[in-house]
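Colleague: From the sequence below, what's the structure:
(2 chains)
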Amino acid sequence: NAGVTQTPKFQVLKTGQSMTLQCAQDMNHNSMYWYRQDPGMGLRLIYYSASEGTTDKGEVPNGYNVSRLNKREFSLRLESAAPSQTSVYFCASSEVRGAQHFGDGTRLSIL
Amino acid sequence: DAKTTQPNSMESNEEEPVHLPCNHSTISGTDYIHWYRQLPSQGPEYVIHGLTSNVNNRMASLAIAEDRKSSTLILHRATLRDAAVYYCILNTGNQFYFGTGTSLTVIP
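Modeller: Purely as a prediction, here's the structure:
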């Protein structure tokens, strides 16, 4: 009963380092999403993938890249991390217009 | 500008009904209204969603105004486990726009 699995759960980076956040879902959903949540705020959409092989920008895409590796997996990459990217990152999946299922998040700190 | 506006916080007594309001005056005809809730250190959890008609499920009811510029999430009998931040969200195509949410406190 895994649902949406995100790795890692915590990460500390130095400014300028790169890293990839991983997300996998086992619900056979077509759509997948990456969000960030800053303290005291709602979630903001970074990128989404409506189906395997497609990706599109969300509300705050600058500084990020994504890859929809297959139907199950959707990764988020920070090429050159900046302190402004310190946040909690959530991955989600859904069917079109359906309920989103979220992972438990990755807490990322950039020094 | 936020696409949805909600009160920052609300309180309810345990076992009483709770009405959580949301304004979304810029909604367009094909936008869905979603509600999610979030406990500390967890991802958001789906509660309910709808387009035009009122919706009911085992968790809650969603009442949508006739002009669709506002909606209300109704928890019929609040329990301590319902204490969370509740987000009202506009779903435009594949974009989801979260507001800052309402923090619900349930008083025993």
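
Colleague: Leaving out the residues flanking it, which one is nearest to residue B:28?
Modeller: residue B:92 (7.1 Å; Cβ to Cβ, 6 or more residues apart in numbering or on different chains). In short, each C-beta sits where N, CA and C put it, glycine included.

Colleague: same deal with residue A:111?
Modeller: Distances taken as Cβ to Cβ, 6+ apart put residue A:14 closest to residue A:111, at 5.6 Å, once the chain neighbours are dropped.

Colleague: Read off the pLDDT value for that neighbour.
Modeller: pLDDT, residue A:14: 97.

Colleague: hang on, it packs against residue A:86?
Modeller: No: if you go by Cβ atoms under 8 Å, residue A:14 and residue A:86 don't touch, sitting 11.9 Å apart.

Colleague: Neighbour count: those two, which is higher?
Modeller: A side-by-side neighbour count of residue A:14 and residue A:86, using other Cβ atoms under 10 Å in any protein chain shown, places residue A:86 first with 17 against 9.

Colleague: hang on, the more buried one packs against residue A:106?
Modeller: No: using Cβ under 8 Å, residue A:86 makes no contact with residue A:106, being 11.6 Å away.

Colleague: mind showing which ranges of chain A have poor pLDDT?
Modeller: For chain A, the stretches flagged by pLDDT under 70 are A:1.

Colleague: So for it, the centremost residue is which one?
Modeller: residue A:34 (3.1 Å; Cα atoms, centre = their mean).

Colleague: Fine, thanks again, bye for now.
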